[in-house]
Structures are given as structure tokens and as C-alpha cells.
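Visitor: Provide a 3D model corresponding to the input given below.
(chains A, B, C and D)
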2 protein chains.
Amino acid sequence: MLDHSTDLDNIFQALADPTRRAIVEQLGTGPKSVSEIALPLDMTLAAVVQHVQLLENCQLITTQKQGRVRTCRIKPETLKTLEGWLNQRRRQWEQNFDRLAAVLDEQSPKRKKP
Amino acid sequence: MLDHSTDLDNIFQALADPTRRAIVEQLGTGPKSVSEIALPLDMTLAAVVQHVQLLENCQLITTQKQGRVRTCRIKPETLKTLEGWLNQRRRQWEQNFDRLAAVLDEQSPKRKKP
DNA sequence: CAGATACTAAAGTATTCACTTGACTATTGA
DNA sequence: TCAATAGTCAAGTGAATACTTTAGTATCTG
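Guide: Sure, this is the predicted structure:
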């Protein structure tokens, strides 16, 4: 993989891991501390911290530390990047579909264009 | 990563690679053979074949072989799975936002509910 | 038919990933 | 004050990834 790793790479990569998706899903219901996040996850706290750091690095969540507790919340705008890519794809193949339809229409002498 | 690898895992994983996203983007403009796909990519044909196989396995594309050439096309429905997850997230945090707004509204004596 | 084309399969390699363990630092509450 | 809590850092491990090279097999084309 030639590296000029983009936001999109990092976001997809982050969300490819089920644990990290679970974290994002958890935070969908509101902010949580790292240990709260860790509770339902079957791994050490250290591992969870690593996932949280990765999610923060790619901006899918934000965190802030108050005393000894780090509170995490999702950062919804980042998912827009994903939506953007997806929308581009949709537009692309809809266009493609239309073009195909036009060609078929052109080739069929049975119907004339309105 | 505890393995009960879902469709979503595989799709995100597939799209986390820039080469594979490039392939999906290429196919957005219409079907292509494996060598056509390989042309703009800076790697061996064998490597491209591997990416194509992975994309086919997770249903992001379909392929069929005619003679010695394999033609690839995107399978748009699979991206729906992604859209589905994204929409869930959006609904979740919109709900969360509304709940927060409601609480704030409740706590503020300056305005009464309509 | 002979040689080029279009892929395919298998094996090897360097890197990255998802963890764990263990040791350490703040903060908090009894 | 002192032990429990909440998190952090660093190093190590085994598995997975993204390639490569090499050696094929069909299928065309002249």
C-alpha cells in the first residue's frame, strides 16, 4: 500500500474493527469514560485505551480529561467525510445507469424519446 | 480482534485500502477488465487480482469471465449496508441531541414548553 | 501451430495490527 | 496518609496484510 494515507483511509480503517465500531455505537447514546467504555468489552483497559486513542487521532471522537477521568464523545461531523464518499459513489453509478438507459433507448427503435 | 467477522467488518476493511477504493471508483464509470483496472495502478497484475478477489468476496463488485478476460462491475446494493450503519449512527446522535435539548429546556425556567 | 495475452495460484517477505503484560503516574476518598 | 481507582507508556507477540516473484493455464491472433 503506497502511503499517502488520507482521512478516508484512516476513518475506514478505524471503523473496520468491530471493537471500535462498538465504541462509536456506545458513544452514540452519550459521553462515557474510558472505563465505562471498557466494561462490556472483553479485553484489558490498556487495549481499550489504544482503540480510544486511534479513534481520537482520526477525529471520530473527542476526549477531555477531568481529574483522573477521560470523557469521550463522538464527533459526528467526521462521519460526513464517509457520507461524502458514499454520495459520490451513488451519484457516479446513477449517472452511469442513466447513460446506459439512454444508450438502450437510443438503440431501441420501438419507443421514441418524449 | 475477537473473530465473528461480519459483512460490515469486511466492507469497511475492503474500503480502508486506497487501491481498492480506487478500483471501486474506477468501476463507478462502468465495467472494466482486470488489466484495464490495473493500468493506472502502480503494482503487478497479480496484486490487482488479489484486490479484485477480495472486493468480490465481500460483494462490493461482481465479476464474470468471458474467454480469457474477466469483467468487473460494482454491485451498488452492498454499499447500502454501509449507508445503513451510517444512518443508524445519525439517528442515534440526533436522538441524543434532542434528549439533551429537552433536558436543557426542562432545566431552564426562562422558557415554557409550547 | 507458435507466440502473445489475460489471468491465476502458490509461496515468500516486510510491515502493520490487535492485543497482552508489567511497571508507573496522577487523583480521589476514607 | 494511604490504598484504591483511572488511566498511561513501552515492549513484546502472534496473526493478518499488501505486496512480490515465479511458474503456471487457458484463450486468442497471425
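Visitor: quick one, what contacts whatever residue of chain A ends up closest to DNA strand D?
Guide: In chain A, no residue comes nearer to DNA strand D than A:Ser35, which is 2.9 Å away by C-beta to the nearest atom of the strand. Where you see a C-beta, it was placed from the backbone N, CA and C, and this is true even at glycine. By C-beta atoms under 8 Å, 6 or more residues apart in numbering or on different chains, the contact list for A:Ser35 reads A:Leu45.
Visitor: which stretch of helix or strand covers it?
Guide: helix A:34-38 (DSSP states H and E).
Visitor: tell me the mean pLDDT over that helix?
Guide: On average, the pLDDT along helix A:34-38 is 98.
Visitor: got a pLDDT number for A:Trp93?
Guide: pLDDT, A:Trp93: 84.
Visitor: any idea which element the nearest residue to A:Glu83 once chain neighbours are set aside lies in?
Guide: Using C-beta to C-beta, 6 or more residues apart in numbering or on different chains and skipping the chain neighbours, the partner closest in space to A:Glu83 is B:Leu86 (6.1 Å). Using DSSP H and E, B:Leu86 sits within helix B:77-107.
Visitor: give me the buried positions along that helix.
Guide: The neighbour-count check on helix B:77-107 (16 or more other C-beta atoms under 10 Å in any protein chain shown) flags B:Thr78, B:Leu79, B:Thr81, B:Leu82, B:Trp85, B:Leu86, B:Arg89, B:Gln92, B:Trp93, B:Asn96 as buried.
Visitor: export those residues as a markdown table, with columns for distance to B:Thr6.
Guide: A markdown table is the format used below for those (distance: C-beta to C-beta, whole Å):
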| residue | distance to B:Thr6 |
| --- | --- |
| B:Thr78 | 13 |
| B:Leu79 | 16 |
| B:Thr81 | 9 |
| B:Leu82 | 12 |
| B:Trp85 | 10 |
| B:Leu86 | 15 |
| B:Arg89 | 16 |
| B:Gln92 | 18 |
| B:Trp93 | 22 |
| B:Asn96 | 24 |
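Visitor: in terms of secondary structure, what does the helix holding B:Leu86 contact?
Guide: Applying 3 or more C-beta pairs under 8 Å, 6 or more residues apart in numbering or on different chains; DSSP states H and E, one finds that helix B:77-107 makes contact with helix A:18-27, helix A:77-107, helix B:7-15.
Visitor: for the closest residue to DNA strand C within chain A, grab the count of nearby residues.
Guide: Going by C-beta to the nearest atom of the strand, DNA strand C is nearest to A:Gly67 of chain A, at 2.2 Å. Using other C-beta atoms under 10 Å in any protein chain shown, A:Gly67 is surrounded by 5 other residues.
Visitor: tell me how far it lies from A:His51.
Guide: With distances taken as C-beta to C-beta, to the nearest Å, A:Gly67 is found 22 Å from A:His51.
Visitor: which regions of chain A sit below the pLDDT cut-off?
Guide: Segments of chain A classed as low confidence (criterion: pLDDT under 70) are A:1-5, A:103-114.
Visitor: got the residues of it near chain B?
Guide: Applying C-beta under 8 Å from any C-beta of the partner chain, we find that chain A lies next to chain B at A:1-2, A:4-6, A:8-9, A:12-13, A:15-19, A:21, A:24-25, A:28-30, A:42, A:74, A:76, A:79, A:82-83, A:85-86, A:89-90, A:92-93, A:96.
Visitor: and chain A, which residues reach DNA strand D?
Guide: A:1-2, A:33-35, A:38, A:45-46, A:49, A:52, A:65, A:68-70 (C-beta under 7 Å from any atom of the strand).
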